[in-house]
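Visitor: From the sequence below, what's the structure:
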Amino acid sequence: HGRASLFFRHWSMNYARRPITMKVTLVSALPTSSARLLLLLLVAASAITLVRGAGEQLRTVTEVECVDGGTVELVVDEARVDLDGEVAYSTRAYHYNGEVMFPGPTIVMKAGHQCSIRVSNNLVGDTCEGHSNDFHCPDVTNLHTHGLHVSSYEDDIDTAIQPQGSHTYTYNMPSDHLMGTHWYHAHHHGSTALQVIGGLVGMLRVVGGDDYALPEDLAPLYESSASTMMLLSHHPFGGDDTDTSAAFSFLGYQSIHTSFEDGTPQIDPNVVVTNGNDDIYMVNGQYQPFVEIEPERVHLFRMVHAAGFRAAALHLSSAECTMKLIARDGVFQYTPYLELDFVVLVPGTRADVAVMCSAAVAGQAVTVSSSADSHASLGTENRHTQDTVFTINIAASNADASLAAAFPTSQAGMPSYLDTLLEAELSVGTLTNGNIEFALDSINNVPFPGFGTGQYVDEICVESVYEYTVMPPGPPGRRQSRTNHPPPGGGGAGGGAGGGTGSHPYHQHINHFQVSDASLDTTDGEIVRLGEWRDVVPALAPDGVGIRVRPVAFVGDNVVTHCHLLQHEDHGMMGLYKISDCSSDPATVDGYAVALTGGDGDGKEYDHSSPMATYKGVIASRCAEITSETSG
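Guide: Residues are numbered from 1 along each chain as shown. Modelled structure (predicted):
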């Protein structure tokens, strides 16, 4: 008994990749030889498949630093994934250093540094090319760094990594890039839903530059002992939705697999559900894990909502615990930090939430559940209910003197590209009424035209400010022009719940936007908060949400926007912005034209024909890739 105990402890600490719990009972009447045989069988079985039991402590996902020009190697290949014994299925998964990882490794980038990510597609399948707005090319992949403020020619989802192909993405992080919680995922148009829901996701953590410092009362929350990185993923294996609103009735994973119009998926999902839990949320790939925190001390939960089409509203089971929103979508909130009853997560969003529980619940467990009954303005469809998403175990006492004993009150410093726009002078692009409407697998009744077609949602200029209303489809009576839009900081037409509908989450690549009208959120900011910076926001019914955007530093004709309900995106609810440098003053802007060839010699040329002084640093770091003369 004693030696077996020591063996299992030594083995799990030194050899097991993931913490496991093994229950071993050696009956006293069992012959010694039988006991030894049982022990050997248990060890042999555990070496074949490591399954983290439900209710285990939340594991820390492997972190990989990517600074100083380093490269992270990700391999996309087939894998059999076991979700804590609840569901097993075959899918496309990231492999890192030869190990299958769901989620993928957490990549750590730093402001002012260069990072490269090489994605190798080891899947077996036919070459699949061409544009269409349906499920197609199931085994073609690429990479999107969701939340990064970099050039759209670096975070370029117009790359198609064919089976047995590869591509290297190089990201030149601006020196003033704000620290924050982000994520990465596959984003090839036509196969995004299949691959993201299947598991091609990972967390992305940005560290501030050497000259960036958090206030003294905020900094301790971002120390490793006081914070937990968690990726929440939704797994729909229970069949197709039967919602009353067809627009928000989604296919289950198996039906997505069988619905491809072009290209036959080479991987049979072979879904096996063990305990009837076939429509569930996982946290870091675990089912109903727990996190330990100390009483009367603040702990930061850095949440990434990597769901393909569900909205969640997380709630604590005890009134003795308080939650405050510190950051959302990778950008710090303004003070005072908002106290929350629910953490509202639409697909793609992130939330840094500080939690503190009183001594009254010391030694107890607090359940974190998801409810579909709150926040009527989100609509009644497309919501997720789960009695336990994860559990917070409160220690019997507080022993770590380094942990904060009070919530922070200080405002974090913000870079200039996130200066407030609420009082800014507005410009108007080619979209003169400023309405962005999701309807019928399209944006503004235009299905995604593909890249390089010259069709855009709007054509705008760097350093100018634009205002939009992100709207769901609906009856007349909504705002029809900018002249009817409320003034900065003001309210607008109020109103109503989404009854019988859901909410399309509007996502914009490269540039965060500032919320300029949140009047439809009747929860005082739990869904969307006036003045906060987001990169995903729900189009609340009936009149939408007002946003302002100021493109900074980066030009391009491939800046993506789309609905983050990924089946909608695959079917055409996606578009492009064209962002140009419209300055005509040669004394202040150097003009030059360059063509950059993709890092893997794929022959793709990026034609930057407009002035881009701010892009000079990137060009200087890629001298070998410049294929045309520069001027200026």
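
Visitor: Could you name the helices and strands sitting against the lengthiest strand in the chain?
Guide: For the chain, the longest strand by residue count, based on DSSP state E, is strand 70-83. Applying 3 or more Cβ pairs under 8 Å, 6 or more residues apart in numbering; DSSP states H and E, we find strand 70-83 packed against strand 87-96, strand 104-110, strand 114-121. Heads up, the C-betas are built off the backbone N, CA and C, glycines and all.

Visitor: outside of the second one, which residues touch it?
Guide: Surrounding strand 104-110, the residues in contact under the criterion Cβ atoms under 8 Å, 6 or more residues apart in numbering are 61-67, 72, 74, 93-94, 96, 115, 117, 148, 171, 173, 184, 200-209, 229.

Visitor: Quick check: Pro61 vs Val207, distance?
Guide: Quick fix: residue 61 reads Val, not Pro. From Val61 across to Val207, the span is 16 Å (Cβ to Cβ, to the nearest Å).

Visitor: And for Gln411?
Guide: Distance, Gln411 to Val207, by Cβ to Cβ: 20 Å.

Visitor: Those two: which is more packed in?
Guide: Between Gln411 and Val207, counted using other Cβ atoms under 10 Å, Val207 has the larger neighbour count: 19 against 14.

Visitor: mind checking pLDDT for the more buried one?
Guide: For Val207, the pLDDT comes out at 98.

Visitor: now the strands for the stretch 301-450 of the chain?
Guide: With DSSP state E, counting those that start in this stretch as the criterion, the stretch 301-450 of the chain has strands at 312-316, 321-328, 331-332, 338-340, 343-345, 350-357, 365-370, 386-394, 435-439, 442-443.

Visitor: which residues of the stretch 451-600 of the chain fall in strands?
Guide: Counting by DSSP E, counting those that start in this stretch, the strands of the stretch 451-600 of the chain are 458-461, 466-471, 505-508, 513-517, 533-534, 536-538, 545-549, 556-563, 574-580, 594-597.

Visitor: Now mean pLDDT and distance to Ala312 too, for these, in TSV please.
Guide: Converted to TSV, the strands of the stretch 451-600 of the chain look like this (pLDDT from 0 to 100; distance: least, Cβ to Cβ, whole Å):
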stretch	mean pLDDT	distance to Ala312
strand 458-461	98	31
strand 466-471	96	20
strand 505-508	97	12
strand 513-517	97	20
strand 533-534	98	17
strand 536-538	96	12
strand 545-549	97	19
strand 556-563	97	17
strand 574-580	98	23
strand 594-597	35	40
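
Visitor: Quickly compare these and say which is most buried.
Guide: strand 536-538 (a mean of 27; mean count of other Cβ atoms under 10 Å).

Visitor: in the chain, which segments are predicted with low confidence?
Guide: Where the chain drops to pLDDT under 70, the residues are 1-54, 242-246, 474-500, 584-632.

Visitor: where's the nearest residue to Met179 once chain neighbours are set aside relative to His177, distance?
Guide: If the residues on either side of it in the chain are set aside, Met179 comes closest to Gly208, at 3.9 Å by Cβ to Cβ, 6 or more residues apart in numbering. In this view, Gly208 and His177 are 8 Å apart by Cβ to Cβ.

Visitor: Then Ile527?
Guide: For Ile527, the distance to His177 - Cβ to Cβ - is 27 Å.

Visitor: Then Thr258?
Guide: 42 Å.

Visitor: So for the two, which residue has more residues nearby?
Guide: His177 (25 against 11).

Visitor: residue contacts, the nearest residue to that one once chain neighbours are set aside?
Guide: Among residues not flanking His177 along the chain, Ala111 sits closest, at 4.0 Å (Cβ to Cβ, 6+ apart). Ala111 sits next to 173-179, 206-209, 212 when contact means Cβ under 8 Å, 6+ apart.

Visitor: Would you mind measuring the gap between the ends of stretch 515-523?
Guide: 15 Å (Cα to Cα, to the nearest Å).

Visitor: now do stretch 155-169
Guide: 7 Å.

Visitor: Show me which positions of that stretch end up buried.
Guide: Residues 155-163, 165-167, 169 are the ones in stretch 155-169 that count as buried (16 or more other Cβ atoms under 10 Å).

Visitor: Rebuild these as TSV, extending it with secondary structure and distance to Pro265.
Guide: Converted to TSV, the buried residues of stretch 155-169 look like this (DSSP: H, G, I helix; E, B strand; the rest coil; distance: Cβ to Cβ, whole Å):
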residue	secondary structure	distance to Pro265
Asp155	coil	26
Asp156	coil	25
Ile157	coil	20
Asp158	coil	22
Thr159	coil	20
Ala160	coil	16
Ile161	strand	16
Gln162	coil	15
Pro163	coil	12
Gly165	coil	17
Ser166	strand	21
His167	strand	21
Tyr169	strand	25
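
Visitor: Quick check: the farthest pair among these?
Guide: Maximum pairwise distance among these (Cβ to Cβ): 22.7 Å, between Asp155 and Pro163.

Visitor: Met101 versus Val389, what's the distance?
Guide: From Val389 to Met101 the distance is 21 Å (Cβ to Cβ).

Visitor: circling back: ok, which of the strands of the stretch 301-450 of the chain comes nearest Asp458?
Guide: Evaluated over those, closeness to Asp458 peaks at strand 435-439, with 8.4 Å, by Cβ to Cβ.

Visitor: who's in contact with Phe451?
Guide: So Phe451 contacts 131, 158, 558, 576 (Cβ under 8 Å, 6+ apart).

Visitor: I'd like those written out as a markdown table, with distance to Glu569 added.
Guide: Shown next, in a markdown table, are these (distance: Cβ to Cβ, whole Å):
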| residue | distance to Glu569 |
| --- | --- |
| His131 | 14 |
| Asp158 | 14 |
| Asn558 | 15 |
| Leu576 | 13 |
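
Visitor: For these, which two are the farthest from each other?
Guide: Taking Cβ to Cβ, no two of those sit farther apart than His131 and Asn558, at 13.5 Å.

Visitor: isn't there a strand covering Ser175?
Guide: No: if the criterion is DSSP: H, G, I helix; E, B strand; the rest coil, then Ser175 is coil and not within a strand.

Visitor: neighbours around it, how many?
Guide: Neighbours of Ser175 using other Cβ under 10 Å come to 15.

Visitor: same thing with the one 10 residues further on?
Guide: Other residues lying near His185 total 25 when counted by other Cβ under 10 Å.

Visitor: what about it, distance to Ala193?
Guide: From His185 to Ala193 the distance is 11 Å (Cβ to Cβ).

Visitor: now stretch 357-370, how far from the chain's geometric center?
Guide: 27 Å (Cα atoms, centre = their mean, to the nearest Å).

Visitor: and if you look at stretch 519-534?
Guide: For stretch 519-534, the distance to the chain centre is 19 Å (Cα atoms, centre = their mean).

Visitor: Show me what counts as buried in that stretch.
Guide: Of all the residues in stretch 519-534, those buried under the rule 16+ other Cβ under 10 Å are 519-523, 525-534.

Visitor: Quick check: end-to-end length of that stretch?
Guide: 16 Å.

Visitor: what do you get for stretch 183-191?
Guide: 18 Å.

Visitor: hang on, the earlier thing: correct me, but the residue nearest to Met179 touches Ser175?
Guide: No: if you go by Cβ atoms under 8 Å, Gly208 and Ser175 don't touch, sitting 10.1 Å apart.

Visitor: can you map out the strands along the stretch 101-250 of the chain?
Guide: 104-110, 114-121, 144-146, 166-172, 180-185, 201-207, 227-236.
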